[in-house]
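In: what would the 3D arrangement of this be:
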Amino acid sequence: MSKKIEDINKRHSLIKALINSQEIHNQTQFVKLLKQNGVKVTQATLSRDLNELGVVRVPTSDGAVYKIADSGAQNAIKNHIAEEVVSIDCNEQLIVLKTFTGRAQGVAVFLDKQNQLDILGTIAGDDTILVIPRSIKKLKTVIEQLKTILGIT
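Out: Okay, the predicted model is just below:
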């Protein structure tokens with residue numbers, strides 16, 4: 001096994017151990033905890049690691065904390081994501097989702113992971129997501145897919 005793969009595996013194990021042993025509220029805190037445990041990591045690398053490990057932020061009474069998602073958690077996350085969306089609108093080419101302030105990026109990441117959607121990708125601001133359909137011919141289909149996956153009628 002190469003040194004790089006060993007380092008990634010070690011970092012992933014440490015990330016899981018940290019998540020299971022304490023409440024971590026943000027990536028800055030995460031980077032600091034990793035450094036205290038001898039692992040220097042950039043925020044970009046940490047984001048990629050969290051994504052690869054299926055780590056999600058789950059709301060608690062003390063604020064959102066990182067947890068490793070399981071299938072049951074994925075359903076809870078899907079329901080939580082649906083609550084973040086305020087509206088869906090479109091023109092002849094693009095779809096715009098409005099979310100509560102500060103929620104657009106999390107919703108966009110969730111949508112980007114949904115392989116069954118006919119979208120090329122998303123661009124998220126603070127409370128707005130631009131959804132780019134694979135084809136303008138599939139615009140109405142994508143809107144229906146979004147409504148279905150988000151549980152919006």
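
In: number of residues surrounding N115?
Out: N115 has 5 neighbours, counted by other Cβ atoms under 10 Å. Bear in mind the C-beta positions are built from the backbone N, C-alpha and C, glycine included.

In: and S61, by the same measure?
Out: Neighbour count of S61, defined by other Cβ under 10 Å: 4.

In: which element is it on?
Out: According to DSSP states H and E, S61 maps onto no helix or strand at all.

In: and it, how far from H25?
Out: Distance, S61 to H25, by Cβ to Cβ, to the nearest Å: 12 Å.

In: mind jotting down where the strands sit in the protein?
Out: 55-58, 65-68, 85-90, 95-99, 119-124, 128-133 (DSSP state E).

In: could you dump the ones you listed into CSV and include distance to L46, mean pLDDT and mean neighbour count?
Out: Below are the strands of the chain laid out as CSV (distance: least, Cβ to Cβ, whole Å; pLDDT from 0 to 100; neighbours: other Cβ atoms under 10 Å):
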stretch, distance to L46, mean pLDDT, mean neighbour count
strand 55-58, 10, 82, 18
strand 65-68, 10, 86, 18
strand 85-90, 27, 93, 14
strand 95-99, 24, 95, 19
strand 119-124, 19, 93, 16
strand 128-133, 23, 96, 18
